[in-house]
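Trainee: Okay, structure incoming, though there's no sequence with it:
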């Protein structure tokens, strides 16, 4: 492997793979490579793409690769995340960066390992809309086989029913960041959505929510109902000027 011929003094390594070989996502192989060849490495970046057409084939093998949350990766704060763009999953390893909800804190202490173990994030850059939820379920299931998912970020506007269907598939979420909301029904949530909302209200564990662009106050009501465990809410809205509101509270307090 040509990479082993690189100078052992290397401090930053960045690898991007378009290959169909799922072993490029094998954490143990990368760990051995780094420990044996690059003892001075300070930053590691890995990007690996999987397309929807190959998801079923790679799912048969991927359970064996779920070791990016071992002590080796946590100590170095090199964390795994997944990005979904249409029919493509982009897995990446990157150095830890503060999350949106952490910028309110002035605490500069190192994150404990138990927090880093729950750092796995899904980022939707382009939401894949299909006639049914099966393809999206396959995508999320593939990612869930790699690691438990605790954070969700959506970079484009999303319909409320699609959001709820996604959240049903991610019961361990702790934080949710949304660009903006669209109602499937412009006035009321329909009967099917109401059933899903009731299910989510009883199951989801989301404590932190960020709505990047609010257009109606009803959106806040929806999020409060959707996330009864929420203790941190950040909202931005546009009028003549841009406003940002951050609330830290018990929304269910009597």
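Mentor: Perfect, thanks for sending it. Since the model is a prediction, treat every value here as computed from it, not as a measurement. Residues are numbered from 1 along each chain as shown.
Trainee: Break the chain down into its structural domains.
Mentor: According to automatic domain parsing, the chain comprises the domains 1-110, 150-254.
Trainee: could those be laid out in a markdown table, adding mean pLDDT and distance to residue 142?
Mentor: C-betas here are computed from N, CA, C, even on glycine. What follows is those, written out as a markdown table (pLDDT from 0 to 100; distance: least, Cβ to Cβ, whole Å):
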| stretch | mean pLDDT | distance to residue 142 |
| --- | --- | --- |
| domain 1-110 | 79 | 5 |
| domain 150-254 | 81 | 11 |
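Trainee: mind giving me JSON lines with these and columns for distance to residue 138 and mean neighbour count?
Mentor: Below are the domains of the chain laid out as JSON lines (distance: least, Cβ to Cβ, whole Å; neighbours: other Cβ atoms under 10 Å):
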{"stretch": "domain 1-110", "distance to residue 138": "5", "mean neighbour count": "14"}
{"stretch": "domain 150-254", "distance to residue 138": "11", "mean neighbour count": "16"}
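Trainee: Distance to residue 129 added to those, as TSV?
Mentor: Shown next, in TSV, are the domains of the chain (distance: least, Cβ to Cβ, whole Å):
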stretch	distance to residue 129
domain 1-110	9
domain 150-254	7
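Trainee: Secondary structure element holding residue 50?
Mentor: strand 43-51 (DSSP states H and E).
Trainee: Mind giving me the packing neighbours of that strand?
Mentor: strand 12-17, helix 27-37, strand 88-95 (3 or more Cβ pairs under 8 Å, 6 or more residues apart in numbering; DSSP states H and E).
Trainee: Nearest to residue 146 among the ones you listed would be which one?
Mentor: Of all the helices and strands packed on strand 43-51, strand 88-95 sits nearest to residue 146, with 7.0 Å by Cβ to Cβ.
Trainee: Go through the domains of the chain and name the closest to residue 135.
Mentor: Here domain 1-110 is closest among the domains of the chain (Cβ to Cβ), at 6.2 Å.
Trainee: What residues does residue 220 make contact with?
Mentor: Neighbouring residues of residue 220 by Cβ atoms under 8 Å, 6 or more residues apart in numbering: 211, 214, 233, 235.
Trainee: Now do the phi/psi pair for the closest residue to the first one other than its chain neighbours.
Mentor: To tie it back to what came earlier, the one meant is residue 211. In this structure, residue 211 finds its nearest non-sequential neighbour in residue 235, 4.9 Å apart by Cβ to Cβ, 6 or more residues apart in numbering. Phi and psi for residue 235, reported as degrees, to the nearest 10, are phi -140, psi 140.
Trainee: In contact with the nearest residue to residue 24 once chain neighbours are set aside, which residues?
Mentor: Distances taken as Cβ to Cβ, 6+ apart put residue 17 closest to residue 24, at 4.4 Å, once the chain neighbours are dropped. By Cβ under 8 Å, 6+ apart, residue 17 lies in contact with 24, 46, 47, 48, 49.
Trainee: roughly how far apart are the nearest residue to residue 18 once chain neighbours are set aside and residue 29?
Mentor: Nearest non-adjacent residue to residue 18, counting by Cβ to Cβ, 6+ apart: residue 49, 5.7 Å away. According to Cβ to Cβ, to the nearest Å, residue 49 and residue 29 sit 18 Å apart.
Trainee: the helices in this structure, which residues?
Mentor: 27-37, 55-62, 71-76, 113-116, 134-146, 160-168, 191-203, 218-226 (DSSP state H).
Trainee: Switch these over to a markdown table; also include distance to residue 83.
Mentor: Converted to a markdown table, the helices of the chain look like this (distance: least, Cβ to Cβ, whole Å):
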| stretch | distance to residue 83 |
| --- | --- |
| helix 27-37 | 18 |
| helix 55-62 | 15 |
| helix 71-76 | 18 |
| helix 113-116 | 19 |
| helix 134-146 | 10 |
| helix 160-168 | 14 |
| helix 191-203 | 24 |
| helix 218-226 | 23 |
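Trainee: Before I go, just wanted to say thanks for your time.
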